[in-house]
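[1] 3D, please:
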Amino acid sequence: MTGVGPTSQRSSSPQEGVTGLEESGNAPAPSPAMQRAARMNVANMLRSMLPLVVICLVIVGWTTLRQKPDEGVRTVDPTSTVQLAVARADYPVQAPIGLAAGFRSTSARTNAGNAAPGDPVTLEIGYLTPKNEFAGFVESDDATATPLRTALDGAQQRGTVHIGGTAWTRSTTERGETALSRTVGPVTLVVTGSASDSELTTVAAAVRPHSG
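    Model (predicted):
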């Protein structure tokens, strides 16, 4: 009977030990990989990206400084557009001819491609001037054509100027820009844009019947 007591005490000791571990809530230590992941928060990511952002900004700034002001300007040859207007219009088409090299054509549009015989024809040519401003030429035998209305609706007439022996009406548009316009029969011609009066006058002086 003396052996029963010690044997009973030894059998209960492991259970008590297990219970003690569970109640204490002890967990395994986090692995190094988990610790590194915890440190990779948003702030750390931003700090790691900062040098790359700085390098990109330096490259962009350097490229911008080296780039000439007029690099990347898309120029077009308006000849084919003018010829299409000439072929479809019921009036003698005029256009700026012989402008100095500093005037670069950047756009040319006409509705002549969809015009049936007798339909109105509108021609538009846009230029970048030597002073990097815009000068636009518009011609149409449709007084309601959108390009004409955009240029002249709401414009205030400021008198008449003679350019190359031809009278042009000088107006100030709703944008505060100068518009030079004249009519030849049912046709209205307009030169306007952000360019100075001097550069717009140069474009208007180059307007003459297209012979091609």
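[2] what's the domain layout of this protein?
    The chain is divided into the following domains under automatic domain parsing: 28-67, 79-209.
[3] ranking those domains by mean pLDDT, which is last?
    Lowest mean pLDDT within the domains of the chain: domain 28-67, at a mean of 62.
[4] burial count for R158?
    Residues near R158, counting by other CB atoms under 10 Å, number 12. Heads up, the C-betas are built off the backbone N, CA and C, glycines and all.
[5] that one looks like it's in a strand, true?
    Yes - using DSSP: H, G, I helix; E, B strand; the rest coil, the assignment for R158 is a strand.
[6] next up, the contacts around it.
    170-172 (CB atoms under 8 Å, 6 or more residues apart in numbering).
[7] turn the domains of the chain into TSV, including distance to V73.
    Converted to TSV, the domains of the chain look like this (distance: least, CB to CB, whole Å):
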stretch	distance to V73
domain 28-67	11
domain 79-209	6
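[8] please work out which of the ones you listed is packed deepest.
    Each of the domains of the chain was scored by mean neighbour count; the highest is domain 79-209, a mean of 17, by mean count of other CB atoms under 10 Å.
[9] ranges for the helices of this structure?
    According to DSSP state H, the chain carries its helices in the segments 4-24, 32-39, 42-66, 79-88, 146-152, 197-205.
[10] returning to that earlier point: between the contacts of R158, which is closest to R208?
    Within those, the smallest distance to R208 is 19.7 Å, found for R170 (CB to CB).
[11] isn't F137 up against T188?
    No - at 11.6 Å, F137 does not count as touching T188 under the criterion of CB atoms under 8 Å.
[12] isn't E174 right next to G154, touching?
    Yes - checked against CB under 8 Å, the pair E174 and G154 is within contact range at 4.2 Å.
[13] relative to R182, which of the contacts of R158 is nearest.
    Distance to R182 across these (CB to CB) is lowest for R170, with 10.4 Å.
[14] how much space separates the closest one from F134?
    The gap separating R170 from F134 is 18 Å, by CB to CB, to the nearest Å.
[15] ok, T192 next?
    Using CB to CB, one gets 9 Å for the distance from T192 to F134.
[16] distance to L148 added to the contacts of R158, as CSV?
    CSV is the format used below for the contacts of R158 (distance: CB to CB, whole Å):
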residue, distance to L148
R170, 16
S171, 12
T172, 16
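[17] mind listing which of those are in strands?
    For the contacts of R158, membership in strands holds for 170-172, with DSSP state E as the criterion.
[18] distance check, T166 against Q83.
    Separation of T166 from Q83 (CB to CB) stands at 24 Å.
[19] do the same with P96
    If you measure P96 against Q83 using CB to CB, the figure is 15 Å.
[20] just checking, A179 touches V161?
    No - counting by CB under 8 Å, A179 sits too far from V161 to count as a contact (11.5 Å).
[21] intersection of neighbour lists for the two?
    Both A179 and V161 are in contact with R170, where contact means CB under 8 Å, 6+ apart.
[22] what's near enough to touch the nearest residue to T188 once chain neighbours are set aside?
    Using CB to CB, 6 or more residues apart in numbering and skipping residues adjacent in sequence, the residue nearest T188 is L148, 5.7 Å away. Contacts for L148 were tallied using CB under 8 Å, 6+ apart; they are 122, 138, 140, 142, 188, 190.
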